[in-house]
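K.L.:
starting from these lines, generate the structure:
(one chain, ligands or ions: 1)
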Amino acid sequence: MYDVLVIGNGLIGSAAAKYLSGTDLKVAIAGPLEPTDWASHSGVFASHYDEGRITRMLDPDPLWAELGRRAIHAYLEIERESGLQFFHPGGCLKVAPDTPQFAELHASLEAVRDRLNLTTCEPLRSAELQERFPYFALSGHTGMLESGTAGHISPRALVQAQTRIAQKRGATLVPSHVERLEVNSESVTAWCASGAQIQAERVLVSSGAFTNGVLPTPLDFELQLRIVLFAELDEAEATRLQDMPDLILEFADHPTLRDVYVLPPIRYPDGTNLLKIGGEPLSPRVPSTQDELKAWFRTGECPDEVEPLKDTLLALIPDLRTTTFHTKPCVLTYTPTNRPYLDTVVPKRLFVAAGGCGLSAKSSDAIGNLAAQLTHRGGWEVPEGSLLRPEAFRIPQVSETRAA
Ligand SMILES: Cc1cc2nc3c(=O)[nH]c(=O)nc-3n(C[C@H](O)[C@H](O)[C@H](O)COP(=O)(O)OP(=O)(O)OC[C@H]3O[C@@H](n4cnc5c(N)ncnc54)[C@H](O)[C@@H]3O)c2cc1C
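P.N.:
Numbering: from 1, shown residues only. I've put the predicted structure just below:
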């Protein structure tokens, strides 16, 4: 019998398991390894099967900025304790057309920068953007550059690092997905696809897009099925663009996209140099069942999303020399509050940390830390002036039930 079982060894779950195993608790983590052949895989998938996620403190929402700052401050210690490097501080540039439509966005970025005293952030006008980043065509745009504290992380390496630390601290990893959960008054029992049966006093569910496949009652998530486009670069082109920061670009009037993000060239495990672009569609594709979600990962192709991403990339970096393009399917998990859920589902037994809202790779260490405290002690201390209050992360459905 374990004190705590964490279901889901992804970005949030591995961080939570690390913090839980740093206490006197006996901790288990259940979560499958990354599938090797997506096309024939019948189990669950995840949002961390990649080498690049943007990381930054600056965000127009001060709560996300605070989560980002807390998490980024922990990176060096995680790298030191695990012996694995995952953070590449190449900077992040957030830009939008220099029009009144985006005045509020620019003002909120400046307000957050001042509130958190983010001294690594500087506003840049169109001419400065052109001068500092000559490979980008950003005329008529203005933005904010965060250096030093921003860049990209390898989500795979971060999960590996957190898991390694959790295991060093005594956590047991069960490399299988949970198929069924039974909650009773004394404990919770989880049945894994491998046949393993795990009993724990408390369970934290952090299974990303598959969280509702584990919980007894589904929660309100919006899953968005998307693709990312990779451009393969030869060695010379990857070297030319190696100092490129991440870019987040807002559109004023794109017919299909609200915004796009671009990561600098990253060397992938197969030796290729890939530059990645993804974006938020104006009309997202939403699965209606978990089977549809799995099928998307197995076969997901979406020709009508490829061209807008390709056109945007080539307009942004007009002289980009690329050999080939390819795409990958992925999923993002949103909550109606646009904050992750960190809440109790069954008092003293079942807890949830899920709903990354497209921003939780960079912030996962901070979210996992709060989730660990919630699961261990039923809540966390809120320092003076902090926005990370439990109410900000409540599940509306569960709050309504509590109030009734
Ligand atoms: C293409 C893409 C780009 C993104 N870009 C960024 C970015 O630039 N910056 C950023 O901060 N965030 C970004 N995100 C979001 C970020 O990746 C997610 O917010 C983050 O992965 C959420 O972490 P999680 O732990 O909730 O889910 P995941 O990382 O998906 O982990 C969930 C884990 O649960 C496991 N699991 C599922 N079902 C079960 C089960 N039944 N039993 C046991 N285990 C189970 C899965 O195997 C997985 O390991 C991006 C996401 C995508 C898809």
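K.L.:
how far is the longest helix along the chain from where the chain is centred?
P.N.:
As assigned by DSSP state H, the longest helix anywhere in the chain is helix 62-82. Here the centre of helix 62-82 is set off from its chain's centre by 13 Å, with C-alpha atoms, centre = their mean, to the nearest Å.
K.L.:
now do stretch 253-266
P.N.:
With C-alpha atoms, centre = their mean, you get 17 Å for stretch 253-266.
K.L.:
quick one on the thing from earlier: which residues touch the next helix or strand after the longest helix of the chain?
P.N.:
Per DSSP states H and E, helix 62-82 leads on to strand 87-88 as the next helix or strand towards the C-terminus. By C-beta atoms under 8 Å, 6 or more residues apart in numbering, the list of residues contacting strand 87-88 from outside reads 55, 75-76, 79, 151-154. All C-beta spots, glycine's among them, are computed from the backbone N, C-alpha and C.
K.L.:
pull up the pairing partners for the following helix or strand past strand 87-88, direction included.
P.N.:
With elements assigned by DSSP H and E, the helix or strand that comes after strand 87-88 is strand 92-97. For strand 92-97, the pairing partners within the sheet under DSSP bridges are strand 141-146 (antiparallel), strand 246-250 (parallel).
K.L.:
which among those strands is found nearest to V183?
P.N.:
V183 sits nearest to strand 246-250 of all the strands paired with strand 92-97, at 40.5 Å, using C-beta to C-beta.
K.L.:
touching the ligand at all, that closest one?
P.N.:
No: counting by C-beta under 6 Å from any ligand atom, the ligand is not contacted by strand 246-250; separation bottoms out at 7.4 Å.
K.L.:
tell me the domain boundaries of the protein?
P.N.:
Using automatic domain parsing, the domain parsing of the chain gives 2-49+155-221+336-403, 88-151+223-334.
K.L.:
so for G68, which of the ones you listed sits nearest?
P.N.:
domain 2-49+155-221+336-403 (5.2 Å).
K.L.:
that closest one near the ligand at all?
P.N.:
Yes: for domain 2-49+155-221+336-403, a contact with the ligand is found by C-beta under 6 Å from any ligand atom, at 7-13, 30-32, 44, 46-48, 155, 177-178, 206-208, 210, 213-214, 354, 356, 358-362, 364.
K.L.:
can you list which of these are found in helices?
P.N.:
Going by DSSP H, the helices hold 11-13, 155, 364 from these.
K.L.:
grab the two from those residues that are most spread out in space.
P.N.:
G13 and P155 (12.6 Å).
K.L.:
between those two, which has more neighbouring residues?
P.N.:
With neighbours defined as other C-beta atoms under 10 Å, G13 and P155 compare such that G13 has more, 30 against 23.
K.L.:
now the stretch 301-404 of the chain, which segments are flagged as low pLDDT?
P.N.:
Per-residue confidence for the stretch 301-404 of the chain (pLDDT under 70) gives these ranges: 399, 401-404.
K.L.:
shouldn't Y341 be in contact with C357?
P.N.:
No: contact criterion C-beta atoms under 8 Å: Y341 and C357 do not qualify, at 10.0 Å.
K.L.:
who touches both of these two?
P.N.:
With C-beta under 8 Å, 6+ apart, Y341 and C357 have common neighbours T335.
K.L.:
these two: who's more crowded?
P.N.:
Neighbours per residue, other C-beta under 10 Å: of Y341 and C357, the larger number sits with Y341, 28 against 19.
K.L.:
in the stretch 1-150 of the chain, what residue comes closest to the ligand?
P.N.:
Going by C-beta to the nearest ligand atom, the ligand is nearest to G10 of the stretch 1-150 of the chain, at 1.7 Å.
K.L.:
now do that residue, the pLDDT please.
P.N.:
Looking at G10, its pLDDT is 98.
K.L.:
quick one: contacts for it?
P.N.:
31, 46-48, 159, 206-208.
K.L.:
any chance of those residues in CSV, plus pLDDT?
P.N.:
Below are the contacts of G10 laid out as CSV (pLDDT from 0 to 100):
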residue, pLDDT
G31, 98
A46, 97
S47, 96
H48, 97
V159, 98
S206, 98
S207, 98
G208, 98
